[in-house]
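Trainee: Just to be clear, the model below is a prediction. Sequence and coordinates:
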Amino acid sequence: MKEFIKKYYIYIAVVVIVLISVVLSLDFEKEPNIIVPITENEQVVNKSYIYIDIKGSVLNPGVYKVEAGTRLFQLINLSGGFTEEADHAVVNQSVLLYDEMYIYIPNISEDYTGNIYVNNENSNGVVNLNTASKSTLETLPGIGPSTAQSIIDYRDNISSFNSIEDIMNVPGIGEATFNEIKTLITV
C-alpha cells in the first residue's frame, strides 16, 4: 500500500485538492436571489418574474424585477428598507405582490389617506382583481363593502387571481355575480 501511495502521490493530492475546492465553493445556506433591479430597456423574458414599482419612504425606490410569489417585506428589504420617516402602521408587509403593482410607502408627517397599493386598472374601466382598491371593487355591480373586503382578504391571504373565474372562490361571490361582472374584470 505504501508503494501505491508513493507512486500515485501527486495524483491523489490533485484529486483531494479538487474535491476540497468543490466542497468549499458550494454555499449551502445561500438564499435564492429573488430581486434584481432592472434597466429601462429590459424586456420580460421569463414568466416566473413580475415587475413592481415601489416609491415613497424606502431607501432605494424604483422598479424591481422579482420572482412571482414575493411578499412586500422582501421587496422592502431588497430596496434598502424603510427610511426613518416611514409610516409602518399603514403597511401590511405580508401582501403578495402582483405584476405591474405600484406601491407607495408614506411617511409619518404626511396626511396620506390613499391606498398604498395603487391599482393598475386599464384605461377602459376594467378592474384588475389583483390590484384594485376596495373603493374601486365596490364600483362593480353586486359588490358591496364587505364583498370588496373579502376579495382583498382573499388575494392578500390565500392566493392571487390567476383567472377571472377565480373570483368565484371568494365567499359571497357565486356564478350569478360572476356573470354580471365578468366583462368588467381582469387579472
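Mentor: Yep, it's here.

Trainee: Was I right to think residue 98 contacts residue 66?
Mentor: No. Contact status for residue 98 versus residue 66: not in contact, 10.4 Å apart, counting by Cβ atoms under 8 Å. Where you see a C-beta, it was placed from the backbone N, CA and C, and this is true even at glycine.

Trainee: what do these two both touch?
Mentor: residue 50 (Cβ atoms under 8 Å, 6 or more residues apart in numbering).

Trainee: CA atoms of the lengthiest strand in the chain as CSV?
Mentor: Longest strand in the chain, counting residues (DSSP state E): strand 49-56. Extracted as CSV, the C-alpha positions of strand 49-56 are listed here (Å, rounded to 0.1, in the frame of the first residue of the first chain):
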residue,chain,number,x,y,z
TYR,A,49,-40.8,37.1,-12.8
ILE,A,50,-43.0,40.2,-12.1
TYR,A,51,-42.2,43.9,-12.1
ILE,A,52,-43.1,46.1,-9.2
ASP,A,53,-42.7,49.9,-8.7
ILE,A,54,-42.1,51.0,-5.1
LYS,A,55,-41.8,54.7,-4.2
GLY,A,56,-42.0,56.8,-1.1
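
Trainee: Quick check: mean pLDDT of that strand?
Mentor: Per-residue pLDDT over strand 49-56 has a mean of 87.

Trainee: For stretch 138-154, list the C-alpha coordinates in CSV.
Mentor: This file holds the C-alpha atoms of stretch 138-154, laid out as CSV (Å, rounded to 0.1, in the frame of the first residue of the first chain):
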residue,chain,number,x,y,z
GLU,A,138,-67.2,48.5,-4.9
THR,A,139,-67.9,50.1,-8.3
LEU,A,140,-68.6,46.6,-9.7
PRO,A,141,-72.3,45.5,-9.9
GLY,A,142,-73.3,43.4,-6.9
ILE,A,143,-70.0,44.1,-5.0
GLY,A,144,-70.6,46.0,-1.7
PRO,A,145,-68.1,47.0,1.0
SER,A,146,-68.0,43.6,2.8
THR,A,147,-67.6,41.6,-0.5
ALA,A,148,-64.9,44.0,-1.7
GLN,A,149,-63.0,43.4,1.6
SER,A,150,-63.5,39.7,1.1
ILE,A,151,-61.8,40.0,-2.4
ILE,A,152,-58.9,41.9,-0.9
ASP,A,153,-58.6,39.4,2.0
TYR,A,154,-58.6,36.5,-0.4
